[in-house]
Each structure stands twice: as C-alpha cells, then as structure tokens.
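**Q** need a 3D model of the following:
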Amino acid sequence: MRQPFRTLARDEDEDEINLTPMLDVVFIMLIFFIVTASFVKEAGIDVNKPAAQTSVVEEKANILIAISAANEIWIDQRQVDPRAVRANIERLHAENPQGTVVIQADKESQTETLIDVMDSARLAGVFDVAIAAPRTAE
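**A** Just a heads-up that it's a prediction; the model follows:
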C-alpha cells in the first residue's frame, strides 16, 4: 500500500519545469544588450541650429558642446565658463582620443563665442571640429 504513494510523489517532481537555464539566458542577453547599447549624449540644452544643404552626419561625435542664444557654453549638461572650455575638452578627449568635437551653436549666438570654442578645442589638441546643422530639404 505504501508503494503507490511513493511513485505518485516521484512523478510530481519529474513533471516540474526547470526555469533556471531560461533565466540564465535572459540575464545574459540583458547584459549583452546593455553593454553593446550606444547611448546618445546630450550637450545640455536645446539649440535652434541654422540649417545647411551640405550637412553630413558625424558618426563618432563624442564631445558635444552647445552654445545658447545668450552665448552660454554647455558641456555634458552643465554650463561651463568660457575659460574652462579647453580643460573640459582635454579631459573628454583623454577619455576617448578618437572622438570629435561637435559644436551646436544657436542661430542667435555670436560668432565670437563659436570661434573661441573652436580655438579652445584646437588648443586642447582636437583638430577634428564640426559645427552641427540640420540638413534642409532641397
């Protein structure tokens, strides 16, 4: 009489689905997607950029600098003093030597501020400097 009871308990154990391998695969995929994801860097403010017909997409723009209409300079979502732009670019360029500097200048900003930022980038050793502009419809 005890024998059928033991086989019944053993059958219930064998019918359970083992979820451990599936959870392992899901966590590995999650880690893979997090590591390989490319995150969009923002300069810190919205800039009303002038449009250009000859603009091209810069693939490896890692140092984004924004110049607002009030000539404020923004790097990594914080306002930067014009005298500290060179030091910030040197620090960011040391983190990623293949990166380029992209300047997002507002339509209403002064050319002098744009030139000062470009000079700071070149003095910091970054000669690949671009000015961001959306492409216009032809």
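**Q** use CA for all of it now, contacts and neighbours both
**A** Fine.
**Q** which residue ranges make up the domains of this structure?
**A** 2-36, 61-131 (automatic domain parsing).
**Q** ranked by average pLDDT, which of those falls at the bottom?
**A** Among these, domain 2-36 carries the lowest mean pLDDT, a mean of 75.
**Q** re earlier: how about CSV for the domains of the chain, with mean neighbour count added?
**A** Formatted as CSV, the domains of the chain follow (neighbours: other C-alpha atoms under 10 Å):
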stretch, mean neighbour count
domain 2-36, 10
domain 61-131, 18
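**Q** helix/strand/coil for the residue lying closest to Gly99 once chain neighbours are set aside?
**A** Closest residue to Gly99 apart from its sequence neighbours, by C-alpha to C-alpha, 6 or more residues apart in numbering: Asn62 at 5.0 Å. Following DSSP: H, G, I helix; E, B strand; the rest coil, Asn62 is assigned to strand.
**Q** okay but Asn62 is in contact with Pro97, surely?
**A** No. With contact defined as C-alpha atoms under 8 Å, Asn62 and Pro97 do not form a contacting pair (9.5 Å).
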